[in-house]
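Peer 1: sequence-free structure coming up:
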């Protein structure tokens, strides 16, 4: 990742630090972190503790908006469709023709047409997480039960239960939702979820991050192994280094690893066969 792009991305997500921190505190802490993290490349061997204690990182996904409405377009997914059903006990990752990604939960199914790149419509039964590739000319629509989710580019989960309840959890973006037969509109912020069932709609909060407050790096290693299935190996001398970090629960593993590598001037190697990440 280019250093300038990395710095811009870190500044963007740094500003999302919890509201309990004032803007002046955010700016002062950013300037302190920036001066220590983005130094000359000749200083490659600086240890992590120079800036680990100051780092509060949000690993986010960039999004726009989507809304709910019943639509006759739901009937346009015709017989020339692709059906993907997850009959396993593990989450199944599907790359769609437009490069969007779907993480399909067990006992769930999606259906989409052969012309998906120009008509991005997809039906779902069960539960899935969507990471949608932005394309203003071709909105992305997810049909679930009586709702339609229209997306330009964002990350969210859609799930249904008992055919009478739909839940959407928003990770990034600005969201407007509508329900058939109701004039009210719901505007969600990241970290809020929308629930609709039995003609009742509600908005609640959910925790989209996992926080590590002054914890050992080994705790981050354990988190990655539990949630991604990869073992993370770090040099023994860093086992007791403490770090404060916030991780988006739906972030790509490679993005997390790349940002950690760039932040702490470490090289890494990913062994897909044995599912192991080695920092050195």
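Peer 2: Good, I have the coordinates. Every value quoted in this text rests on a predicted model; they were computed, and no experiment measured them. Numbering: from 1, shown residues only.
Peer 1: I'd guessed residue 164 sits against residue 197; true?
Peer 2: Yes. The pair formed by residue 164 and residue 197 meets the contact definition of Cβ atoms under 8 Å, at 5.3 Å. In short, each C-beta sits where N, CA and C put it, glycine included.
Peer 1: those two: who's more crowded?
Peer 2: Using other Cβ atoms under 10 Å, the more surrounded residue of residue 164 and residue 197 is residue 197, with 17 against 12.
Peer 1: can you list the domains in this protein?
Peer 2: For the chain, automatic domain parsing gives the domain ranges 3-57+213-279, 72-205.
Peer 1: deepest of those, which one?
Peer 2: Most buried of those by mean neighbour count (mean count of other Cβ atoms under 10 Å) is domain 72-205; its value is a mean of 17.
Peer 1: quick one: the strands in the stretch 51-200 of the chain, in order.
Peer 2: Secondary structure of the stretch 51-200 of the chain (DSSP state E, counting those that start in this stretch): strands at 81-86, 92-95, 101-104, 108-113, 121-125, 127-131, 140-144, 147-151, 155-161, 165-172, 175-177, 186-188, 192-197, 200-205.
Peer 1: averaged pLDDT, the longest one. What do you get?
Peer 2: Per-residue pLDDT values across strand 165-172 average out to 89.
Peer 1: so what touches it?
Peer 2: Here strand 165-172 makes contact (Cβ atoms under 8 Å, 6 or more residues apart in numbering) with 60-63, 68, 144-147, 149, 154-161, 177, 188-198, 206, 208, 248-250.
Peer 1: which strands border it, and is each parallel or antiparallel?
Peer 2: Applying DSSP bridges, strand 165-172 is found paired with strand 155-161 (antiparallel), strand 192-197 (antiparallel).
Peer 1: what residues are up against the nearest residue to residue 159 once chain neighbours are set aside?
Peer 2: Excluding the flanking residues, the one nearest residue 159 by Cβ to Cβ, 6 or more residues apart in numbering is residue 127, at 3.6 Å. With contact taken as Cβ under 8 Å, 6+ apart, residue 127 is in contact with 105, 108, 157, 158, 159, 160.
Peer 1: in TSV, list the strands of the stretch 51-200 of the chain along with distance to residue 255.
Peer 2: Shown next, in TSV, are those (distance: least, Cβ to Cβ, whole Å):
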stretch	distance to residue 255
strand 81-86	24
strand 92-95	15
strand 101-104	13
strand 108-113	24
strand 121-125	24
strand 127-131	11
strand 140-144	21
strand 147-151	20
strand 155-161	12
strand 165-172	13
strand 175-177	22
strand 186-188	24
strand 192-197	23
strand 200-205	25
